[in-house]
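Visitor: need coordinates for the below:
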Amino acid sequence: MERALPATERLASLREQSAVSSLLTNLSRREIPSLFGLRGMAALAVVIYHYSEQRGIMAHFPGPFAVTLFFELSGLLITWLLLKEMDQTGRADLRQFYSRRALRLFPLFYVVWILYRMARPFPGRWATFFYMGDYYYAFYQRYSAMTIAWSLGVEEKFYLLWPLVLRHVERQKLIKILYGILIAEPVYRSVLSLIGHPPYTWFAFDCRLDAIVLGCLIALLAKDGWNPPKWISHPLTPICALILVFALQDDSAIYLLAVVLVSTVMRPAWFLNNPVSRYLGVISYSLYLCHAAAREVLWPLIAGNFPFRNNVAVFITQMTLAIAVASLLHHTVEQPFLRLKDRLRKSPRETV
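Guide: Sure, this is the predicted structure:
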């Protein structure tokens with residue numbers, strides 16, 4: 001006959017189970033609550049950062065770290081889906097994986113590339129075309145509206161390799177390797193900065209692995225039964241973490257944003273689950289890709305007849321223009337290919 005646990009032990013056990021179930025249950029849903037909204041807020045942060053021109057207090061706005069959050073999001077969700085498929089079928093269908101990624105990313109990317117190229121020549125156009133913009137901008141620091149695509153170059157190189165690694169390396173060994181990368185990457189960036197190459201550390205694929213890797217690691221640990229600490233699911237945790245991101249703006253942001261991500265999965269935030277936040281998440285890829293080009297190409301056509309010279313009015317109008325263009329691109333270019341991607345999918349709905 002089993003010994004009854006004392007009340008304090010039963011309470012601790014229930015708390016641990018609650019933490020596990022909230023993380024695993026929400027990750028296992030067809031659509032993870034709040035993550036469309038979180039993606040939408042990250043895309044909006046990038047646009048605000050670029051449109052504010054980093055003047056005054058906005059010079060301290062940590063907009064670039066929104067890309068870090070994008071990396072962590074994609075690492076978590078893509079790895080989770082791959083692990084789920086491997087557990088269900090015994091293997092990852094690489095042909096389907098690469099086909100879905102191509103349908104998700106390529107049509108919209110190349111439409112924006114072509115439209116911007118028709119408007120004007122830009123530095124690094126062929127490097128960007130072949131998803132090598134991260135290294136072009138790392139070496140040459142010649143920027144344009146398509147510089148935003150450097151992050152896509154980082155992600156696509158990673159995801160060319162990651163499914164193969166995940167399929168062939170034993171999970172416990174892989175977890176140790178990922179921990180090693182998380183330790184090594186900041187040291188590597190620091191060394192390159194000390195010898196005079198700070199721009200390289202911001203753009204290059206080999207310097208931007210830790211955020212994606214951290215997202216992948218969270219998925220692996222969750223599958224392995226990781227019990228997140230109770231404080232991560234507290235409603236104030238993501239708020240405090242974001243305040244620290246604003247205050248510190250250093251490599252610690254990678255871990256602070258991971259806390260925001262895990263907290264959001266465990267306890268979906270109400271303000272990320274409203275129609276506005278969700279819609280911004282739906283068009284986030286289009287908004288991320290087109291906002292700089294919309295401001296550079298379309299805004300000058302409007303600015304001459306714009307009746308207001310107030311900076312706030314200009315800012316709001318530019319934001320509205322970017323969202324309108326992103327909506328148009330999403331519905332005319334992105335959505336038809338997403339429907340085709342859904343037909344190829346064997347696993348539950350992918351949200352990355």
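
Visitor: show residues contacting stretch 245-259.
Guide: With Cβ atoms under 8 Å, 6 or more residues apart in numbering as the test, stretch 245-259 has contacts from 60-62, 65, 68-69, 72, 186, 189, 210-211, 214-215, 218, 232, 237-238, 241-242, 244. C-beta coordinates here come from the backbone N, C-alpha and C atoms, glycine included.

Visitor: averaged pLDDT, it. What do you get?
Guide: Per-residue pLDDT values over stretch 245-259 give a mean of 94.

Visitor: just stretch 58-66 next, same as before
Guide: Averaged across stretch 58-66, pLDDT comes to 81.

Visitor: could you list the low-pLDDT ranges of the stretch 51-200 of the chain?
Guide: 54, 56-57, 59 (pLDDT under 70).

Visitor: and the residue minimising distance to the centre of the chain, what is it in contact with?
Guide: Nearest to the mean C-alpha position of the chain, counting by Cα atoms, centre = their mean, stands F70 at 1.1 Å. For F70, the contacting residues are 39, 42, 151, 288, by Cβ under 8 Å, 6+ apart.

Visitor: could you tell me which of the residues you listed count as buried?
Guide: Among those, those classed as buried by 16 or more other Cβ atoms under 10 Å are 39, 42, 151, 288.

Visitor: give me the distance between the third one and L220.
Guide: To tie it back to what came earlier, the one meant is S151. Per Cβ to Cβ, to the nearest Å, S151 is found 23 Å from L220.

Visitor: cool, the first one as well?
Guide: Here the distance between R39 and L220 works out to 21 Å (Cβ to Cβ).

Visitor: quick check: H330 touching S286?
Guide: Yes: H330 is in contact with S286 according to Cβ atoms under 8 Å; the separation is 4.4 Å.

Visitor: ok, the two, which is more surrounded?
Guide: Taking other Cβ atoms under 10 Å, H330 and S286 do not tie; S286 has more neighbours (26 against 20).

Visitor: skipping its backbone neighbours, what lies nearest A45 in space?
Guide: Using Cβ to Cβ, 6 or more residues apart in numbering and skipping residues adjacent in sequence, the residue nearest A45 is A66, 4.1 Å away.

Visitor: and stretch 75-91, how far out from the chain middle?
Guide: Remark: stretch 75-91 is offset 18 Å from the chain centroid, using Cα atoms, centre = their mean, to the nearest Å.

Visitor: so I183 is in which element?
Guide: Element membership for I183, per DSSP states H and E: helix 171-194.

Visitor: what comes up buried for that helix?
Guide: For helix 171-194, by 16+ other Cβ under 10 Å, it's 174-175, 178, 181-182, 185-186, 188-189, 192.

Visitor: for stretch 280-300, same thing?
Guide: 280-299.

Visitor: what do you get for stretch 251-271?
Guide: 253-269.

Visitor: can I get that stretch in PDB, CA atoms only?
Guide: Taking C-alpha atoms only, stretch 251-271 is exported to PDB below (Å, rounded to 0.1, in the frame of the first residue of the first chain):
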ATOM      1  CA  ASP A 251      23.600  39.800 -24.700                       C
ATOM      2  CA  SER A 252      21.400  39.100 -21.700                       C
ATOM      3  CA  ALA A 253      18.400  40.100 -23.800                       C
ATOM      4  CA  ILE A 254      18.600  36.700 -25.500                       C
ATOM      5  CA  TYR A 255      17.800  35.000 -22.200                       C
ATOM      6  CA  LEU A 256      15.300  37.700 -21.000                       C
ATOM      7  CA  LEU A 257      13.400  37.400 -24.300                       C
ATOM      8  CA  ALA A 258      13.400  33.600 -23.900                       C
ATOM      9  CA  VAL A 259      11.800  34.100 -20.500                       C
ATOM     10  CA  VAL A 260       9.100  36.300 -22.200                       C
ATOM     11  CA  LEU A 261       8.600  33.500 -24.800                       C
ATOM     12  CA  VAL A 262       8.200  30.600 -22.400                       C
ATOM     13  CA  SER A 263       6.000  32.700 -20.000                       C
ATOM     14  CA  THR A 264       3.800  33.600 -23.000                       C
ATOM     15  CA  VAL A 265       3.400  30.000 -23.900                       C
ATOM     16  CA  MET A 266       2.700  28.900 -20.400                       C
ATOM     17  CA  ARG A 267       0.300  31.800 -19.500                       C
ATOM     18  CA  PRO A 268      -1.200  33.400 -22.700                       C
ATOM     19  CA  ALA A 269      -1.500  37.100 -22.300                       C
ATOM     20  CA  TRP A 270      -4.900  38.600 -22.900                       C
ATOM     21  CA  PHE A 271      -3.500  41.600 -24.900                       C
END
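
Visitor: could you find the closest non-adjacent residue to R171?
Guide: Nearest residue to R171 in three dimensions, chain neighbours excluded: L220, at 6.2 Å (Cβ to Cβ, 6+ apart).

Visitor: let me see the mean pLDDT of the strand or helix carrying the one you found.
Guide: Using DSSP H and E, L220 maps to helix 209-223. The pLDDT scores in helix 209-223 average 96.

Visitor: any idea of the angle it forms with helix 171-194?
Guide: Between helix 209-223 and helix 171-194, the angle formed by their directions is 160 degrees, by axes from the mean of the first three to the mean of the last three Cα atoms, to 10 degrees.

Visitor: distance from the chain centre to helix 209-223, please.
Guide: Once both centres are worked out by Cα atoms, centre = their mean, helix 209-223 turns out to sit 13 Å from its chain's centre.

Visitor: cool, thanks, talk later.
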